[in-house]
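Enquirer: this is a predicted model, with the sequence first.
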Amino acid sequence: MFRIITIEREYGCGGGAIAAELANRLGWELWDHRLTEEIARRANVDCSAVMRCDERMDSRFHRLAKAFWRGSYDRGAALDNQVFDADCMVSMMEQIAPKIAQEGNAVVVGRGAPFFLREQPDAFHVFLYAPRAEKIRRLMLEGSSHSEAEDMVDTVDRERIALVKHYFDADWPTRSLYHVMINTAVGNQSVIETILNTMQLVEGQPKATGYERPKVSNPV
């Protein structure tokens, strides 16, 4: 029986709103903003620090600076205590994933969840996408200008691709991880019905994947 749904999504396709509606429909816990809060609590930083690097790679300058100061214990310790980066985020998520798996009844948005929970037989993995024009339309409805929406659609997913390649040595999306991939241009309610109906069809049939995640590394 499925007790967890992971939602991975292209930026602007409406994945966050769909995940919230789905969690509400099921009466399950939504791990989206709560996940940001939990990562921030464990890392002892403000939520805004987590949101700034959420699913994005650190700048090359920051990574080089980190490596440079790592040679000094005092300076390295000070930097690690003050700077929240992608290394911290992935490490925290690796720690939180077992908690989510134990509690169950959860809809988890992004943050590498389908990789961390890939061996959970009760986890159902979804990837949401949409045509570029649809993503821009959705973002403009949320208040972005056309140029802002274009810029975010063209850049955010590139960061996600880089992060997944860096930490999981995998392509994004890794199609073998997902039970279903859905174009959200069909509408949020249709997406939710498709997810729920597909879960019923494959209930109790753990999906074997060919992906083996390497250990989380912190290369420069």
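Expert: Received the coordinates, thanks.
Enquirer: ramachandran coordinates for the residue nearest in space to the middle of the chain?
Expert: Centroid-nearest residue in the chain: Gly110, 1.7 Å away (criterion: C-alpha atoms, centre = their mean). Reported as degrees, to the nearest 10, the phi and psi values for Gly110 are phi 60, psi -150.
Enquirer: does it touch Arg9 like I think?
Expert: Yes. Using C-beta atoms under 8 Å, Gly110 is in contact with Arg9, at 6.9 Å. Where C-beta positions appear, they are placed from N, C-alpha and C, glycine not excepted.
Enquirer: spit out the residues that contact those two alike.
Expert: Gly15 (C-beta atoms under 8 Å, 6 or more residues apart in numbering).
Enquirer: quick one: least confident helix or strand in the protein?
Expert: helix 73-82 (a mean of 41; mean pLDDT, DSSP states H and E).
Enquirer: and the next element down the chain from that helix?
Expert: Remark: after helix 73-82, the chain's next helix or strand is helix 86-103, criterion DSSP states H and E.
Enquirer: Arg160: neighbour count?
Expert: 21 (other C-beta atoms under 10 Å).
Enquirer: er, Ala97 I mean
Expert: Ala97: 23 neighbours (other C-beta under 10 Å).
Enquirer: contact partners for it?
Expert: Listed by C-beta under 8 Å, 6+ apart, the contact partners of Ala97 are 113, 116-117.
Enquirer: select from those residues the one having the most neighbours.
Expert: That'd be Ala113 among the contacts of Ala97, by other C-beta under 10 Å, with 27 neighbours.
Enquirer: list the beta-bridge partners for the closest residue to it other than its chain neighbours.
Expert: With sequence-adjacent residues excluded and distances taken as C-beta to C-beta, 6 or more residues apart in numbering, Ala113 is closest to Thr6, at 4.1 Å. Applying DSSP bridges to Thr6 gives these bridge partners: Val108, His125.
Enquirer: what about Thr6, neighbour count?
Expert: Thr6 has 30 nearby residues by other C-beta under 10 Å.
Enquirer: what's the distance between it and Val45?
Expert: To Val45, Thr6 is 24 Å away according to C-beta to C-beta, to the nearest Å.
Enquirer: quick one: residues in contact with the helix or strand in which Arg34 is found.
Expert: Per DSSP H and E, Arg34 falls inside helix 33-43. Applying C-beta under 8 Å, 6+ apart, the external contacts of helix 33-43 come out as 46-47, 49-51, 54, 84, 88-89, 92-93, 95-96, 108-109, 111.
Enquirer: which of those ranks first by neighbour count?
Expert: Using other C-beta under 10 Å as the neighbour criterion, Val108 leads these with 31 neighbours.
Enquirer: for this structure, longest helix please?
Expert: In the chain, with assignment by DSSP state H, the single longest helix is helix 146-168.
Enquirer: quick one: average confidence on the following helix or strand past that helix?
Expert: Remark: after helix 146-168, the chain's next helix or strand is strand 180-183, criterion DSSP H and E. Strand 180-183 comes out with an average pLDDT of 98.
Enquirer: what does the next helix or strand after strand 180-183 contact?
Expert: Following strand 180-183 in sequence order, the next helix or strand is helix 188-202 (DSSP H and E). In this structure, residues lying in contact with helix 188-202 by C-beta under 8 Å, 6+ apart are 2, 5, 14, 17-18, 21-22, 25, 124, 126, 128, 179-180, 182, 184, 186.
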